[in-house]
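Engineer: Sequence first, predicted model second:
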Protein chains: 2
Amino acid sequence: MPDTRPDDDRSVLSRTMRILQSFRAEDRGVGLSELTRRTGLPKATVHRIAQDLVAARMLAATERGYRLGRGLFELGMLAAPERSLIEVAIPFMQDLFLRTHETVHLGILEGTEVVYISKIGGHRQAPTPTRLGGRMPLYCTAIGKALLAHAPQQIVDEVLSGPLDRRTPRTVVAPGLLRGQLEQVVELGVAYEYEESMPGIACIAAAVLDANDRPLAAISVAGPSTRFRPDKHSTSVRAAAAGTASILARRRLTALPDEN
Amino acid sequence: MPDTRPDDDRSVLSRTMRILQSFRAEDRGVGLSELTRRTGLPKATVHRIAQDLVAARMLAATERGYRLGRGLFELGMLAAPERSLIEVAIPFMQDLFLRTHETVHLGILEGTEVVYISKIGGHRQAPTPTRLGGRMPLYCTAIGKALLAHAPQQIVDEVLSGPLDRRTPRTVVAPGLLRGQLEQVVELGVAYEYEESMPGIACIAAAVLDANDRPLAAISVAGPSTRFRPDKHSTSVRAAAAGTASILARRRLTALPDEN
DNA sequence: GCGTTCCGGTCCACTCAGTGGACCACAGCC
DNA sequence: GGCTGTGGTCCACTGAGTGGACCGGAACGC
């Protein structure tokens, strides 16, 4: 559904945002012309704004072109609730890693997707498709289902009525089946994924809830489906999520009203 | 020393940056008036830009006021070299944590300061003054000294000639003494800190170097000076740094020319 | 050699987005 | 009542931002 106001294309700020957001995770350096193409803005405009962004350390100019700058990284790290969430969760994620020696994720709900905000793992990590700061759909990941199961009805409906892409042969694309799974997640306190987002990966997750049972985040353990038995770790994962939640509660951090 | 160009106060972008950078780590929500005071900008201007930033998800409006938004966090996570650095370093930091059960840091050189880009630790962490995305001086931290010892002469001179604040009774504030320590760091491959940045904390760090011996980052282990013996872990810390460096080298990631 | 097509970067007259002083409504407080 | 703080809005003026046109160079094909 389109925004009521067509997002004011003409403001400097929205153009700036358009430039910043045109960067993708995979690119190492984006040239001026490429940025011009991606944003649809006049070349001179892109050039000028890019220069200003470089001066502000939000972009860095390299031989290969522009890339996102360290200033952006530092600012991003200052984003408050995420930071304290990470700091509180890390020791519990450590515990999980010690027990499993598999990849441990921390993710938050953002629209109809998960955003991964922390990830720890050893040298022999399963090749998970996740990146720090990256996104994945809710319906086909353990973290996603854990979050979705505790999310407001409105979001559940939106996800279930939206297109459910069959990412692997095992992806659950039947809304009814998915809804049943979500009920089970609430009942069990954990969510599972068996090769639903990527072949070869199995995963178990539990939600970190605030005092009002709203999901602040979710913690998961993922491993190769060949050797990793998710159900063996339900107690540990639940404990990690509950531990994180209780410390956050003690710090009186409630979920802030959804931004936007 | 003032900038040659007075940083173009009048551009929308620089005002925006001024607003974003006026946020501090400790504040949970900043009101409009407070922002106006911090930035020195007219209230109407701050208000308008803040609204735009909220629309762009760079700020979030709460009852308490504004705080940095999740969009900023996500963009920051996309900042490329830091992200791959973190991903490569994490397993080695894990190893260090398993051996020591103390707080493990990953930091990069930024001007004449360290910026901490990753931090893992258990439940009984030493009360380190570091935050993710936070900064500390180079001259009084183990990570700082490890970075400085391998930094270009120009930066070394700048730090040694600059004011060396005596942060604790043990802070090394004599430039000559510090220069000697830096030589030793290169020789030993590790840098030490004994309560130089904060009483009660001891720390050991090693630099992650690229193919040209430029410091990409440094890894440290910090613990309470009562029980933690930094010198017991020099081999492990060196190994973690060297391991990270060798994987980065294999990925052909060389240090990009300093931005700005 | 020459033409073509890409690139990053610059110029500068026009104009509309951004400005900011003045203003409003409200909530505490004395 | 008056005073002082807050968040938020209004709107006539103007200079910051715009962007089409333009460099100079590099890499191609012929």
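Structural biologist: Arrived safely, thanks for sending. Residues are numbered from 1 along each chain as shown, chains lettered A, B, ... in the order given.
Engineer: How is chain A divided into domains?
Structural biologist: A:12-75, A:79-250 (automatic domain parsing).
Engineer: hey, which of those is tucked in deepest?
Structural biologist: Sort those by mean neighbour count, taking mean count of other Cβ atoms under 10 Å in any protein chain shown, and domain A:79-250 sits at the top with a mean of 20. Heads up, the C-betas are built off the backbone N, CA and C, glycines and all.
Engineer: Just the endpoints, please. Distance across that domain?
Structural biologist: Length of domain A:79-250, first residue to last, Cα to Cα, to the nearest Å: 20 Å.
Engineer: Also stretch A:62-72?
Structural biologist: 16 Å.
Engineer: Show me what it is in contact with.
Structural biologist: For stretch A:62-72, contacts defined as Cβ atoms under 8 Å, 6 or more residues apart in numbering or on different chains pick out A:20, A:23, A:27-32, A:34-35, A:50, A:53-54, A:56-60, B:72, B:75-76, B:78-82, B:108, B:110, B:115, B:256-257, B:259.
Engineer: Would you point out which residue of chain A is nearest DNA strand C?
Structural biologist: In chain A, the residue found nearest to DNA strand C is A:Gly31; the distance is 2.1 Å by Cβ to the nearest atom of the strand.
Engineer: for that residue, phi and psi?
Structural biologist: Backbone torsions of A:Gly31, given as degrees, to the nearest 10, read phi -70, psi 170.
Engineer: Tell me the bridge partners for A:Lys119.
Structural biologist: Bridge pairing for A:Lys119 (DSSP bridges) gives the partners A:His105.
Engineer: For A:Lys232, give its distance to chain B.
Structural biologist: Noted for A:Lys232: a distance of 21 Å to chain B, by Cβ to the nearest Cβ, to the nearest Å.
Engineer: Can you name the residues that contact that residue?
Structural biologist: By Cβ under 8 Å, 6+ apart, A:Lys232 lies in contact with nothing.
Engineer: rerun that using 10 Å as the cut-off
Structural biologist: Contacts for A:Lys232 were tallied using Cβ atoms under 10 Å, 6 or more residues apart in numbering or on different chains; they are A:Arg99, A:Thr100, A:Ile204, A:Val221.
Engineer: And A:His47, by the same measure?
Structural biologist: Neighbouring residues of A:His47 by Cβ under 10 Å, 6+ apart: A:Leu32, A:Leu35, A:Thr36, A:Leu41.
Engineer: Kindly report the same for A:Ala202.
Structural biologist: Contact analysis of A:Ala202 by Cβ under 10 Å, 6+ apart lists A:102, A:126, A:142, A:192-196, A:221-231.
Engineer: measure the residue of the stretch 51-200 of chain A found nearest DNA strand D to B:Val54 for me?
Structural biologist: Nearest residue of the stretch 51-200 of chain A to DNA strand D: A:Asp52, at 7.9 Å (Cβ to the nearest atom of the strand). For A:Asp52, the distance to B:Val54 equals 21 Å [Cβ to Cβ, to the nearest Å].
Engineer: how about chain A, which residue sits the furthest from its center?
Structural biologist: Residue farthest from the centre of chain A, counting by Cα atoms, centre = their mean, is A:Ala44 at 34.3 Å.
Engineer: sec struct for A:Tyr192, please.
Structural biologist: Three-state call for A:Tyr192 (DSSP: H, G, I helix; E, B strand; the rest coil): strand.
Engineer: what bridges to it?
Structural biologist: Applying DSSP bridges, one finds that A:Tyr192 bridges with A:Ile204.
Engineer: Now do the strands in chain A.
Structural biologist: Using DSSP state E, the strands found in chain A span residues A:59-62, A:65-68, A:103-110, A:113-120, A:135-137, A:191-194, A:201-209, A:215-224.
Engineer: wait, which of those strands is closest to B:Asp157?
Structural biologist: Of all the strands of chain A, strand A:59-62 sits nearest to B:Asp157, with 24.2 Å by Cβ to Cβ.
Engineer: quick one: is that closest one near DNA strand D?
Structural biologist: No: judged by Cβ under 7 Å from any atom of the strand, strand A:59-62 and DNA strand D are separated, with a smallest distance of 15.0 Å.
Engineer: in chain A, which helix has the most residues?
Structural biologist: Identified as the longest helix of chain A according to DSSP state H is helix A:80-100.
Engineer: check contacts around A:Thr36.
Structural biologist: A:Ile19, A:Ser22, A:Pro42, A:Lys43, A:Ala44, A:Thr45, A:Val46, A:His47, A:Ala50.
Engineer: for the last one, what are its contacts?
Structural biologist: Taking Cβ under 10 Å, 6+ apart as the definition of contact, the neighbours of A:Ala50 are A:Thr16, A:Ile19, A:Leu20, A:Val30, A:Leu32, A:Leu35, A:Thr36, A:Met58, A:Leu59, A:Ala61, A:Gly65, A:Tyr66.
Engineer: mind running it again at 8 Å?
Structural biologist: By Cβ under 8 Å, 6+ apart, A:Ala50 lies in contact with A:Ile19, A:Leu32, A:Leu35, A:Leu59, A:Ala61, A:Tyr66.
Engineer: export those to a markdown table and tack on pLDDT?
Structural biologist: Converted to a markdown table, the contacts of A:Ala50 look like this (pLDDT from 0 to 100):
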| residue | pLDDT |
| --- | --- |
| A:Ile19 | 91 |
| A:Leu32 | 91 |
| A:Leu35 | 92 |
| A:Leu59 | 92 |
| A:Ala61 | 88 |
| A:Tyr66 | 92 |
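Engineer: Show me which pair in these is furthest apart.
Structural biologist: The largest separation in the contacts of A:Ala50, counting by Cβ to Cβ, is between A:Ile19 and A:Ala61 at 13.2 Å.
Engineer: Excluding covalently adjacent residues, which one is nearest to the residue in the stretch 1-150 of chain A positioned nearest to chain B?
Structural biologist: The minimum distance from the stretch 1-150 of chain A to chain B, using Cβ to the nearest Cβ, falls at A:Gly76 (1.9 Å). Residue nearest to A:Gly76 in three dimensions, not counting chain neighbours: B:Gly76, with 1.9 Å by Cβ to Cβ, 6 or more residues apart in numbering or on different chains.
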